[in-house]
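Participant: Sequence first, predicted coordinates after that:
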There are 2 protein chains.
Amino acid sequence: MYTLSEENYLKAIYRLSQDEGVKITPTAIAESLGNNPASVVDMIRKLTDKQLIEYDKKKGVELTPQGQKNAVLIVRRHRLWEVFLLEKLGYHWDEIHDIAEELEHINDATLADRLDKFLGFPDYDPHGDPIPKANGKMAKPYSVTLADMKTGTTCRVAAVKDTSSAFLQYLLKLEIGIGTTIALVEKISYDNSLVIRIADRENTTVSQKFGENILVE
Amino acid sequence: MYTLSEENYLKAIYRLSQDEGVKITPTAIAESLGNNPASVVDMIRKLTDKQLIEYDKKKGVELTPQGQKNAVLIVRRHRLWEVFLLEKLGYHWDEIHDIAEELEHINDATLADRLDKFLGFPDYDPHGDPIPKANGKMAKPYSVTLADMKTGTTCRVAAVKDTSSAFLQYLLKLEIGIGTTIALVEKISYDNSLVIRIADRENTTVSQKFGENILVE
DNA sequence: AAATAAAATTAGGTTTGCCTAATTTTATTT
DNA sequence: AAATAAAATTAGGCAAACCTAATTTTATTT
């Protein structure tokens, strides 16, 4: 259907479009993919010709319904494969992203739906991201971070924003996973570090950056 | 590790090397991949530089131990994914080849071994081809075809040589699968057509080509 | 052995998807 | 508003993997 590159651009644009109200510029896409802005301009032309995106200097890049549909399908496949790798093949959550990044491009009319069924129609992937359904609909992604919480409140880890191994391995070390209970004990006003209590164990201090990458409910 | 193209060339050369004693020429590789011989010459140079093959005008193309190892790994992945698609996702055997053709290129240090374990270490894929083990060893492929059989003898279908949907769908219609018993009733000497009895049902006549694509034991 | 046919190779070209460097456009400061 | 900085774009190039057409080498016939 589409080339690997085209699919990766669609996915990147889709991801950027999740931050509502933010204009998607060639530079932003270039950064997201680790490419040169000049290359992005090339691809914008190509995707525009194929009617997958629209580009307006004022509005930036937007997915057309066609482009949106394709991007969501790729995200669906990515997240389903992540569930498969973790639940069926026994990978840890810091190992699955890169493999799913390749699996997501395998295109077959019924593969995603069969995999979905085989996995029992999961609603969330191992990082807590909602999995788009066959009809394209999906649960609203979590948006409140640990850093947004009020001191003295308790929450449940719902998802992680950063899926890098570095971050996920750190979480593994702190024994934090999806579902873990965290109480926000104190915010250090000097640098916004967070003193937290993980699952009723002793207090731990983490950085603001850390807190901003944990989504809670 | 290697590009998609390089892997496909290795696989094609490996497949051709299964016919022992046959020289592997650029033309043969070109036919096998549906490419132009000129392109094959380009790639022979590239794979030779990478020490994956050796090319000698007299001997033709041969895989180096390195090349052999990689080719076998790709075949292993292909056949394991075929088992997965059939047994876990419920595909029919005429639908799995093309998808496995894509899945086989996904490269991860432990993926094939984990999949192997998840599937219960199968020895054969759904077409009856032996699956290379993690150490590279595998059962000897079946080699006797239905067309090789003596009139009046009975055999068990062990594998299919041709994995095209056209052939597999024909087999489905005839209700022939791996394990089906077939008796060779008569060989028509005019055109080598075969009169066979499938699983003790009424007699059927099939072509020589058909008989040569069914491996038996 | 010559003639012919087939296979292999070279030369030169195309497309995709990227790049750098230069230029133009747009946004931000002063 | 002018100056400066940043972003977008154009121009021109490169590597991979293919192609066609022409040429050379090898094999097969006569």
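Facilitator: Cool, the structure landed.
Participant: what's the distance between residue A:84 and residue B:128?
Facilitator: In this view, residue A:84 and residue B:128 are 26 Å apart by CB to CB, to the nearest Å. Yep, even glycine has a C-beta here, placed from its N, CA and C like the rest.
Participant: got it, and residue A:86?
Facilitator: Going from residue A:86 to residue B:128 by CB to CB gives 32 Å.
Participant: who's more crowded, those two?
Facilitator: Relative neighbour count places residue B:128 above the other of residue A:86 and residue B:128, with 21 against 18, counting by other CB atoms under 10 Å in any protein chain shown.
Participant: The more buried one: what secondary structure?
Facilitator: coil (DSSP: H, G, I helix; E, B strand; the rest coil).
Participant: Please give me every residue in contact with it.
Facilitator: Counting by CB atoms under 8 Å, 6 or more residues apart in numbering or on different chains, residue B:128 touches B:142, B:157-160, B:178, B:215.
Participant: For chain A, which segments are assigned as strands?
Facilitator: A:53-56, A:60-63, A:154-160, A:181-188, A:193-198, A:203-206, A:214-216 (DSSP state E).
Participant: Nearest to residue A:102, out of these?
Facilitator: strand A:154-160 (20.9 Å; CB to CB).
Participant: Off-centre distance for that closest one?
Facilitator: Its chain's C-alpha centre and that of strand A:154-160 lie 15 Å apart, by CA atoms, centre = their mean, to the nearest Å.
Participant: Give me the angle between that strand and strand A:193-198.
Facilitator: Per axes from the mean of the first three to the mean of the last three CA atoms, to 10 degrees, the angle that strand A:154-160 makes with strand A:193-198 is 100 degrees.
Participant: other SSEs contacting strand A:154-160?
Facilitator: helix A:165-173, strand A:181-188, strand A:214-216 (3 or more CB pairs under 8 Å, 6 or more residues apart in numbering or on different chains; DSSP states H and E).
Participant: Could you check the angle the second one makes with strand A:193-198?
Facilitator: What separates the directions of strand A:181-188 and strand A:193-198 is an angle of 160 degrees, with the same axes, to 10 degrees.
Participant: Stretch A:49-61 and DNA strand C, any residue contact?
Facilitator: Yes: counting by CB under 7 Å from any atom of the strand, DNA strand C has neighbours in stretch A:49-61: residue A:57.
Participant: That stretch and DNA strand D, are they touching?
Facilitator: Yes: counting by CB under 7 Å from any atom of the strand, contacts between stretch A:49-61 and DNA strand D involve residue A:57.
Participant: Show the average pLDDT along that stretch.
Facilitator: Averaged over stretch A:49-61, pLDDT sits at 96.
Participant: list the buried ones in that stretch?
Facilitator: A:52-53, A:55, A:60-61 (16 or more other CB atoms under 10 Å in any protein chain shown).
Participant: One more: stretch A:205-217?
Facilitator: Burial within stretch A:205-217, assessed by neighbour count using 16+ other CB under 10 Å, is assigned to A:206, A:208, A:210-216.
Participant: Closest one to residue B:110 out of the residues you listed, please.
Facilitator: residue A:213 (26.8 Å).
Participant: ok, the closest one - contacts?
Facilitator: By CB under 8 Å, 6+ apart, the neighbours of residue A:213 are A:145, A:160-162, A:167.
Participant: Same question for residue A:29.
Facilitator: A:9, A:12-13, A:16, A:35, A:40, A:44, A:61.
Participant: Looking at these, which one is closest to DNA strand D?
Facilitator: residue A:44 (6.3 Å; CB to the nearest atom of the strand).
Participant: Need the per-residue pLDDT for that closest one.
Facilitator: 98.
Participant: What's the local residue count around it?
Facilitator: Other residues close to residue A:44 by other CB under 10 Å number 18.
Participant: now the closest residue in space to it that isn't next to it in sequence: how far from residue A:25?
Facilitator: Distances taken as CB to CB, 6 or more residues apart in numbering or on different chains place residue A:55 nearest to residue A:44, at 5.3 Å, with adjacent residues excluded. Note on residue A:55: its distance to residue A:25, by CB to CB, is 10 Å.
Participant: That concludes my questions; thank you for your assistance.
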